[in-house]
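1. Prediction below, plus the sequence it came from.
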Amino acid sequence: MSRIGKLPIKVPSNVQVEINEQSIHISGPHGKLFKKISNSISITIDENTIYVNKNDNTRIANQLYGLTRTLINNMVIGVSQKFERTLQLQGVGYRAQLKDKDLILNLGYSHPVLIEIPTGIDIKVEKNVGIIITGFDKELVGQLAATIRNKRPPEPYKGKGILYKGEIIKRKVGKSGK
């Protein structure tokens with residue numbers, strides 16, 4: 001039994017929730033999100049609190065129970081507060097800059113890496129080595145951060161690459177130059 005699925009979701013006063021059969025629409029000051037819900041899960045709302053329930057007791061319903069509750073909770077938090085992910089560039093000559101709706105990264109390749117910023121996402125560059133990604137969709141923010149990090153993942157010998165803020169790279173010992 002899911003312990004997470006049983007928890008109610010508190011809805012802030014500045015967020016509107018609309019439930020239509022097997023879909024949920026959540027809108028707030030930062031944006032609007034929509035999610036289709038499986039037929040084995042039902043959603044009810046009562047006095048600014050959302051409850052998620054299982055319609056049947058199958059294995060798939062048990063798997064979707066906690067997942068659905070977490071996704072709806074992330075939607076409520078996103079439209080009311082936004083999500084943020086911070087990346088750090090470490091390496092000589094590594095830098096980032098914004099140009100129109102594109103993020104340009106110089107990562108030691110022979111060419112600059114161009115990443116298009118999706119709608120609903122805001123990016124700020126601090127001191128040419130810090131990238132702050134904010135948005136109301138947690139999945140989109142995390143996916144963009146992972147895409148950027150994948151352009152030059154941190155390597156264990158010198159620690160160069162793109163790291164999440166607070167990430168610690170376990171360093172390896174190099175050759176023993178005899």
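-> Structure's in. What do you need?
2. ok, residue 162 to residue 57 distance?
-> Distance of residue 162 to residue 57, computed by CB to CB, to the nearest Å: 45 Å. (C-beta placed from N, C-alpha, C; glycine too.)
3. Please list all residues in contact with the closest residue to residue 130 other than its chain neighbours.
-> Excluding its sequence neighbours, the residue lying closest to residue 130 (CB to CB, 6 or more residues apart in numbering) is residue 88, at 5.9 Å. Counting by CB atoms under 8 Å, 6 or more residues apart in numbering, residue 88 touches 129, 130, 131, 162, 163, 164, 165.
4. Just send those back as TSV, with secondary structure and pLDDT too.
-> TSV is the format used below for those (DSSP: H, G, I helix; E, B strand; the rest coil; pLDDT from 0 to 100):
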residue	secondary structure	pLDDT
129	coil	89
130	strand	93
131	strand	94
162	strand	92
163	strand	92
164	strand	93
165	coil	92
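5. Pick the one among these closest to residue 67.
-> residue 164 (23.6 Å; CB to CB).
6. Need the nearest residue in space to that closest one, chain neighbours excluded.
-> Closest to residue 164 by CB to CB, 6+ apart is residue 87, at 6.2 Å.
7. out of residue 162 and residue 57, which sits in the busier spot?
-> For residue 162 and residue 57, the more surrounded residue by other CB atoms under 10 Å is residue 162, and the numbers stand at 24 against 9.
8. For residue 139, give me phi and psi.
-> According to degrees, to the nearest 10, the main-chain angles of residue 139 amount to phi -60, psi -40.
9. what's the burial count for it?
-> 14.
10. how close does the residue nearest to it when sequence neighbours are not counted get to residue 141?
-> Residue nearest to residue 139 in three dimensions, not counting chain neighbours: residue 74, with 7.9 Å by CB to CB, 6+ apart. Going from residue 74 to residue 141 by CB to CB gives 10 Å.
11. who has more neighbours, those two?
-> Per other CB under 10 Å, whichever of residue 74 and residue 141 has more neighbours is residue 141, with 22 against 18.
12. any idea of the pLDDT on the more buried one?
-> At residue 141, the pLDDT value in this model is 93.
13. out of the contacts of residue 88, which one sits closest to residue 38?
-> Closest to residue 38, out of all of these and judged by CB to CB, is residue 164, at 31.6 Å.
14. contacting residues around that closest one?
-> Applying CB under 8 Å, 6+ apart, the residues near residue 164 are 85, 86, 87, 88, 145, 149.
15. same deal with residue 79?
-> By CB under 8 Å, 6+ apart, the contact set of residue 79 is 15, 26, 27, 28, 29, 30, 31, 32, 33, 136.
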